[in-house]
Structure formats: C-alpha cells, structure tokens
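1. Build me a model:
(one chain, ligands or ions: 2)
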Amino acid sequence: MTIKTDMLVYKNFINGAWTESSNDEYIESINPANKNEIIGYVQKSTKEDLNQAVAAAKTAQVAWRNLSGAARGDFLYKVANILEANLNEIAETMTREMGKPLPEAKGETARGVAILRYYAGEGMRKVGDVIPSTDSEGLMFTTRTALGVVGVITPWNFPVAIPIWKMAPALIYGNTVILKPASEAVVTAAKVIECFEKAGFPAGVINMVTGSGSVIGQGIIDHQDINGITFTGSDQVGKQVGKGALARGAKYQLEMGGKNPVIVVEDADLDLAVEATISGGLRSTGQKCTATSRVIVQSSVYDTFKDKLLAEVKKIRVGDGLRAETWMGPCASESQLNTVLSYVEKGKAEGATLLYGGNRVEDEELENGFYVQPTIFENVAPDMAIAQEEIFGPVLVLIKVNTIEEALDVANDSQFGLSASIFTTNIAIVLSFIREMEAGLVRINAESAGVELQAPFGGMKQSSSHSREQGQAAIEFFTSIKTVFVKG
Ligand SMILES: NC(=O)C1=CN([C@@H]2O[C@H](COP(=O)(O)OP(=O)(O)OC[C@H]3O[C@@H](n4cnc5c(N)ncnc54)[C@H](OP(=O)(O)O)[C@@H]3O)[C@@H](O)[C@H]2O)C=CC1
Ligand SMILES: O=C(O)CCC(=O)C(=O)O
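-> Ligands and ions are numbered 1, 2, ... in the order given. From the prediction side, this is the model:
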C-alpha cells in the first residue's frame with residue numbers, strides 16, 4: 001500500500017518509544033461515515049515486534065511491581081489529567097474512526113478519565129485480610145501479587161473505555177501491559193497511548209503493538225512470557241483466547257457477546273420503556289455487547305407499545321456522528337453493515353415481519369458511509385436466528401408473550417447472559433426477575449446498556465469466562481492471592 005505522506009502513521013509503542021515495525025506493511029483506518037476519508041495508518045506488525053514488546057514488559061515488571069501502590073496511582077492520575085485535557089480531540093478521532101456520535105464519544109472519553117482516577121485511588125486500598133491461625137503464636141494473612149505481563153486484546157466499539165478499563169487495573173496492581181487494539185479503531189487507541197506516554201511511565205511498563213488479530217492477537221495467546229490475557233470481542237475469538245491460554249497455563253478473562261432482553265410488563269410506564277428500548281438498542285448503532293436486542297412485550301400492551309416505539313424510531317436521525325443533528329451514526333465498518341443486512345434477510349426468510357427499516361440509508365449525502373436504517377421485526381419466534389444470535393447492529397426484535405413466566409422463559413432462552421432489563425411497577429415481579437434472570441447485569445426500569453465503572457461487569461453462560469471486570473472485582477483477575485503464615 002502507498003502511504004499518502006500528509007497522513008499520520010502511528011508506530012508501535014515499545015519500551016517507552018514509538019518504534020518502527022520490522023515490516024513495512026500498513027493498515028489503513030477509514031471513516032465509516034465516508035469510506036474515502038483516511039483517518040491514519042498503523043503498522044501491520046510482526047511476531048518479532050511483539051517479542052520485543054514482551055521482552056520490554058518483562059524487564060520492566062519487577063521495578064514497577066515494587067513501587068508503592070500510591071506511586072503507581074500517581075502515574076494514573078497524570079494520564080487521567082492528560083486524557084481530560086485532550087478529550088475533545090480524542091473523542092472526535094473516535095467519531096471519525098468508528099462512527100459513534102460525538103456526544104457519545106465525549107461521554108466515553110470522560111468515562112475513561114473517571115476509570116483512570118478510580119483505579120489510581122485503588123493503589124491506596126487494602127489488598128488482603130488477616131485470618132486467625134490455629135497456631136496462637138502465628139500471624140496469617142493474605143496479600144496479592146501481580147500476574148506479571150498482561151496482554152490486552154480490545155474491540156473497536158469502545159476504543160477508549162475498554163482499553164482503559166483493562167489497562168488501568170492491570171497497571172495499578174503491578175502488572176506491565178501489551179495492548180493489541182482492534183484494527184478498526186486503532187488510531188483512537190494510539191492517541192490514548194500517547195496520553196500514557198506523556199504521563200512519563202517507566203519504559204516498558206506500557207506497550208502497544210498494532211497489527212492483525214491473527215498475527216499479533218494470536219501471538220499474545222501463544223506467548224510464553226505473557227502471564228494473563230484480558231479480551232473483549234467476539235464469541236469465536238474469545239473461545240480461541242481461552243483455549244490457547246488454558247493450554248499453556250496462562251490466566252484469561254473473556255467478555256464476549258450478548259443477546260440482551262428487555263421485558264415490558266403490562267403495568268409498565270410504556271413511554272419510559274420505549275425510551276429505554278431505543279436508547280439501549282439503537283445508541284452506538286446497536287454495537288454494544290450490552291445492547292437491547294430482544295423486546296419481550298406482554299400481549300395486553302403489545303399494540304400500544306409497538307405503536308409508541310414505531311413513532312419514536314421513525315424520528316431517529318441517521319448521519320455522520322460529527323453533525324449535531326445526528327442521533328445514530330453508521331455501522332463501524334462495511335463488514336458490520338453487511339452482517340446487519342444479512343440478518344435482515346435471514347429474519348425475512350425465517351418468516352418474521354419487517355416492521356420498519358432493514359435497508360441501507362438511501363441518501364446521496366450518505367452514500368459513501370456504512371449507514372443502515374434502525375430496524376424492527378415483529379412476529380419473531382424465540383428460536384429464530386434473529387432472536388438467538390448477536391447481530392451487533394440497530395435491530396430490535398419484538399416477541400409477544402402472555403404471562404410473566406413466559407416472558408422470563410423466553411428471556412432465559414439464550415446461549416448468552418450478559419445484561420437484561422424489565423419495565424414494571426410490580427415489586428413481586430421485580431424480585432422474581434432479579435432471582436430468575438440468568439444475566440450478570442439485571443436492570444429494573446432502566447435500559448440494558450450503561451455499565452458503571454465502580455461496579456463488577458460480566459456475564460453468565462457464554463457471555464464471559466464467568467470472571468468480572470471493573471470496580472474492585474478487577475483485582476481478582478489482575479492479581480494472585482498469596483496466603484502468608486509468619487511465626488517468630
Ligand atoms: N463483546 C463486545 O463488546 C464485542 C463483540 N463483538 C462481536 O464480534 C463480531 C465481530 O467483530 P470483530 O471486530 O471481528 O471481533 P473480533 O473478536 O474479531 O475482534 C476483537 C479483537 O480480537 C482481535 N482478534 C481477531 N482475531 C484474533 C485471533 N485469531 N486471535 C487473537 N485476537 C484476535 C481483533 O483484532 P483485529 O481488529 O486486528 O482483527 C480485535 O482486537 C461483532 O459483530 C460482534 O458480534 C465485536 C466487538 C466487541
Ligand atoms: O454498556 C456499556 O457501557 C459497555 C458495553 C460493553 O462493554 C461492550 O459493548 O463491549
């Protein structure tokens with residue numbers, strides 16, 4: 001590929017320096033709102049580059065681990081301030097690179113700042129417990145130790161928040177990091193790493209290697225000197241990460257798909273339920289693992305809910321995320337757009353009724369972008385592919401049920417169990433939903449998306465490796481417990 005000389009080329013960040021790859025091939029990152037606009041180039045790195053980064057991270061690890069938690073926290077506070085000072089530029093890059101509307105991109109970047117500050121404070125909090133020993137002269141307690149070098153493999157849908165919610169806890173607990181960001185949002189990730197560079201971390205503590213998943217991602221899975229891998233992305237790659245890590249005894253953490261339901265009960269505030277279904281299902285063009293995709297509605301309010309939903313969805317403005325009037329941006333890539341369109345075809349072929357949308361947006365101004373209409377299906381049977389598989393696009397499927405029991409059965413009829421929500425004013429139904437719903441995140445009278453950084457996040461069933469990230473739960477993955485017994 002010929003590189004246009006006026007474009008920015010982002011190198012790997014290895015051992016404290018922006019470093020050229022041993023390969024001179026590049027990955028081009030384009031704007032999904034206008035495929036002719038190139039956002040930047042990154043290197044298509046090789047295993048040799050990865051080896052260099054891992055060696056640097058391994059060398060840096062002991063000195064980093066031996067700093068006090070407060071000293072490590074100071075570095076994170078510095079990154080937070082730098083990220084905050086560059087929030088507008090980074091958010092704009094995110095919008096241009098993966099299509100998320102600018103207000104959402106700004107919100108995500110601000111969330112990155114807050115995550116960094118949260119984990120900076122974690123450096124001052126307790127890491128163990130004193131446990132009474134049966135030996136009256138002994139002292140027994142637990143402490144924690146870092147895993148070592150952590151590989152961080154991230155997706156494109158939250159290109160600031162996800163790398164930060166993995167890297168910040170890894171670092172505060174004394175690990176060093178190799179980041180392999182998603183190729184679709186790699187320039188945004190490079191700008192985040194620039195903030196870490198400016199904060200002056202010791203060389204080797206934080207490294208980024210760009211390149212294809214099959215080379216650099218797989219290289220992380222296989223590398224003997226990487227002690228832990230944290231991954232967010234597809235079900236298929238996640239399972240590969242898990243198998244590969246298990247085979248060589250590395251620790252791993254996986255966050256994968258969702259097929260998140262919302263249940264609308266007959267006593268619900270229907271306007272609130274409509275608003276939350278739209279926000280949960282269609283913001284970020286439905287490209288969230290926590291996005292609402294199955295809308296399970298009690299038959300007595302089905303028609304009223306459907307009419308209200310349809311009326312609101314029709315008002316959605318699709319367009320370039322940089323424009324103030326845009327509510328929903330493009331799909332992040334042509335392949336995501338094609339996935340959505342193929343599920344629309346599947347839904348029709350399976351006999352569901354396409355109630356609204358389902359096509360590319362026909363607008364001359366938007367013809368160079370990967371735009372799809374917000375889409376609603378009805379007459380959907382729970383076993384159809386559109387009700388079972390993660391689409392990762394702005395597609396809602398309406399499923400009519402008669403009773404709460406049936407609603408819960410349908411909601412739980414999924415290989416996934418990430419997030420679920422219900423709209424009702426009946427406390428008994430709320431309590432049975434909390435008890436019966438097989439999901440890591442259950443939300444009452446609130447949309448299925450919307451993770452809070454200080455709370456544990458993760459799924460049941462095939463949505464995750466049953467571990468949790470974020471909040472104080474992160475310590476469980478990024479450290480190992482040591483039980484200490486001392487006798488004088
Ligand atoms: N849970 C979530 O939040 C997300 C779920 N998804 C789901 O996944 C689908 C596909 O999206 P996609 O971007 O392809 O997701 P992937 O799982 O392919 O990508 C996630 C990360 O894994 C890397 N990767 C790809 N192949 C390998 C490999 N063999 N070994 C190790 N790492 C690898 C990717 O690198 P590279 O980008 O270079 O390929 C990226 O950094 C979506 O439609 C959606 O259903 C996607 C993103 C986020
Ligand atoms: O809902 C959120 O804020 C987070 C979603 C998420 O983690 C994801 O889509 O990968």
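2. If you drop the residues flanking it in sequence, what lies closest to D271?
-> K308 (6.8 Å; C-beta to C-beta, 6 or more residues apart in numbering). Any C-beta I mention is one placed from the backbone N, CA and C, and that applies to glycine too.
3. what do you get for K198?
-> I82 (5.0 Å).
4. again with T232
-> Per C-beta to C-beta, 6+ apart, closest to T232 is E255, 4.3 Å.
5. Next, A146: phi, psi?
-> A146 adopts backbone torsions of phi -70, psi 160, taken as degrees, to the nearest 10.
6. Look at L83 and give its secondary structure.
-> helix (DSSP: H, G, I helix; E, B strand; the rest coil).
7. Next, count neighbours for it.
-> Burial measure for L83: 25 neighbouring residues, criterion other C-beta atoms under 10 Å.
8. was I right about it contacting T109?
-> Yes. Between L83 and T109 there is a contact under C-beta atoms under 8 Å: 6.8 Å.
9. gap between the residue of the stretch 301-450 of the chain found nearest ligand 1 and N157?
-> The stretch 301-450 of the chain approaches ligand 1 most closely through F392 (3.7 Å), counting by C-beta to the nearest ligand atom. To N157, F392 is 8 Å away according to C-beta to C-beta, to the nearest Å.
10. Then L270?
-> 29 Å.
11. the more surrounded of these two?
-> Higher neighbour count among L270 and N157: N157, with 25 against 18, using other C-beta under 10 Å.
12. if I pick the residue lying closest to that one once chain neighbours are set aside, what's in contact with it?
-> Nearest residue to N157, sequence neighbours excluded (C-beta to C-beta, 6+ apart): Q287, at 4.7 Å. Q287 makes contacts with 157, 331-332, 336, 392-393, as judged by C-beta atoms under 8 Å, 6 or more residues apart in numbering.
13. before we move on, back to that, show the contacting residues for the residue nearest to T232.
-> For E255, the contact set (C-beta under 8 Å, 6+ apart) comprises 231-232, 238, 289, 457-459, 463-464, 469.
14. which pair in the residues you listed spans the largest distance?
-> Taking C-beta to C-beta as the measure, the contacts of E255 span a maximum distance of 15.2 Å, between G238 and F457.
15. what number of residues lie near S419?
-> Neighbours around S419, by other C-beta under 10 Å: 30.
16. whoops, I mixed them up, A349
-> Residues near A349, counting by other C-beta under 10 Å: 10.
17. tell me the mean pLDDT for the one helix or strand it maps to?
-> A349 belongs to helix 334-350 when assigned by DSSP states H and E. Helix 334-350 comes out with an average pLDDT of 98.
18. Need the contact partners of that helix.
-> By C-beta under 8 Å, 6+ apart, the list of residues contacting helix 334-350 reads 32, 35, 286-287, 330-331, 354, 358-360, 370-372, 375, 377, 380-381, 384-386, 389, 391-395, 397.
19. Please pick the buried ones from those residues.
-> Buried members of those, counted by 16 or more other C-beta atoms under 10 Å: 32, 286-287, 330-331, 354, 358, 360, 370-372, 375, 377, 380, 384, 386, 389, 391-395, 397.
20. Check the spacing between E406 and ligand 2 real quick.
-> The gap separating E406 from ligand 2 is 27 Å, by C-beta to the nearest ligand atom, to the nearest Å.
21. Mind pulling up the pLDDT for that residue?
-> In the prediction, the pLDDT value recorded for E406 is 98.
22. For stretch 177-191, output the C-alpha coordinates as PDB.
-> The C-alpha coordinates for stretch 177-191 follow below in PDB (Å, rounded to 0.1, in the frame of the first residue of the first chain):
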ATOM      1  CA  VAL A 177       0.900  -4.300  29.700                       C
ATOM      2  CA  ILE A 178       0.900  -5.100  26.000                       C
ATOM      3  CA  LEU A 179      -2.100  -3.600  24.200                       C
ATOM      4  CA  LYS A 180      -3.300  -5.000  20.900                       C
ATOM      5  CA  PRO A 181      -6.100  -2.700  19.900                       C
ATOM      6  CA  ALA A 182      -8.800  -3.500  17.300                       C
ATOM      7  CA  SER A 183      -7.700  -2.600  13.800                       C
ATOM      8  CA  GLU A 184     -11.000  -0.800  13.100                       C
ATOM      9  CA  ALA A 185     -10.300   1.800  15.900                       C
ATOM     10  CA  VAL A 186      -6.500   1.700  16.200                       C
ATOM     11  CA  VAL A 187      -5.800   5.400  15.700                       C
ATOM     12  CA  THR A 188      -8.000   6.300  18.600                       C
ATOM     13  CA  ALA A 189      -6.200   3.700  20.700                       C
ATOM     14  CA  ALA A 190      -2.800   5.200  19.600                       C
ATOM     15  CA  LYS A 191      -4.000   8.600  20.900                       C
END
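23. Is it positioned near ligand 2?
-> No. Using C-beta under 6 Å from any ligand atom, stretch 177-191 stays clear of ligand 2, coming no nearer than 10.9 Å.
24. Can you give the distance of that stretch from its chain's centre?
-> Put simply, stretch 177-191 sits 13 Å off its chain's centre (C-alpha atoms, centre = their mean, to the nearest Å).
25. Please enumerate the helices of the stretch 201-350 of the chain.
-> Ranges of helices within the stretch 201-350 of the chain are 218-222, 235-247, 270-282, 299-313, 334-350, based on DSSP state H, counting those that start in this stretch.
26. could you say what helices and strands the first one packs with?
-> Using 3 or more C-beta pairs under 8 Å, 6 or more residues apart in numbering; DSSP states H and E as the contact criterion, the secondary-structure elements in contact with helix 218-222 are helix 47-66, strand 149-153, helix 235-247.
27. Recalculate using a threshold of 7 Å.
-> Contact analysis of helix 218-222 by 3 or more C-beta pairs under 7 Å, 6 or more residues apart in numbering; DSSP states H and E lists helix 235-247 as its packing neighbours.
28. With the fourth one instead?
-> Using 3+ C-beta pairs under 7 Å, 6+ apart as the contact test, the elements touching helix 299-313 are helix 270-282, strand 353-356, strand 375-378, strand 395-401.
29. Make a markdown table from those and add distance to A250 and mean pLDDT to it.
-> Listed next are the helices and strands packed on helix 299-313 as a markdown table, based on distance: least, C-beta to C-beta, whole Å; pLDDT from 0 to 100:
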| stretch | distance to A250 | mean pLDDT |
| --- | --- | --- |
| helix 270-282 | 35 | 98 |
| strand 353-356 | 45 | 98 |
| strand 375-378 | 40 | 99 |
| strand 395-401 | 36 | 98 |
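30. Now distance to K487 too, for the ones you listed, in a markdown table please.
-> Output for the helices and strands packed on helix 299-313, formatted as a markdown table (distance: least, C-beta to C-beta, whole Å):
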| stretch | distance to K487 |
| --- | --- |
| helix 270-282 | 56 |
| strand 353-356 | 72 |
| strand 375-378 | 67 |
| strand 395-401 | 63 |
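31. what's the closest of those to ligand 2?
-> With C-beta to the nearest ligand atom, the closest approach to ligand 2 among the helices and strands packed on helix 299-313 belongs to helix 270-282: 8.7 Å.
32. That closest one relative to strand 395-401, how many degrees between them?
-> Here helix 270-282 runs at an angle of 140 degrees relative to strand 395-401 (axes from the mean of the first three to the mean of the last three C-alpha atoms, to 10 degrees).
33. so what pLDDT did M437 get?
-> For M437, the model assigns a pLDDT of 98.
34. residue contacts, it?
-> Taking C-beta atoms under 7 Å, 6 or more residues apart in numbering, we find M437 in contact with 408, 411-412, 420.
35. Can you tell me which of those end up in strands?
-> When DSSP state E is applied, the contacts of M437 are split such that A420 fall in strands.
36. Give the ChimeraX command for selecting the buried subset of the contacts of M437.
-> Applying 16+ other C-beta under 10 Å to the contacts of M437, the buried members can be selected in ChimeraX as follows:
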select :408,411,412,420
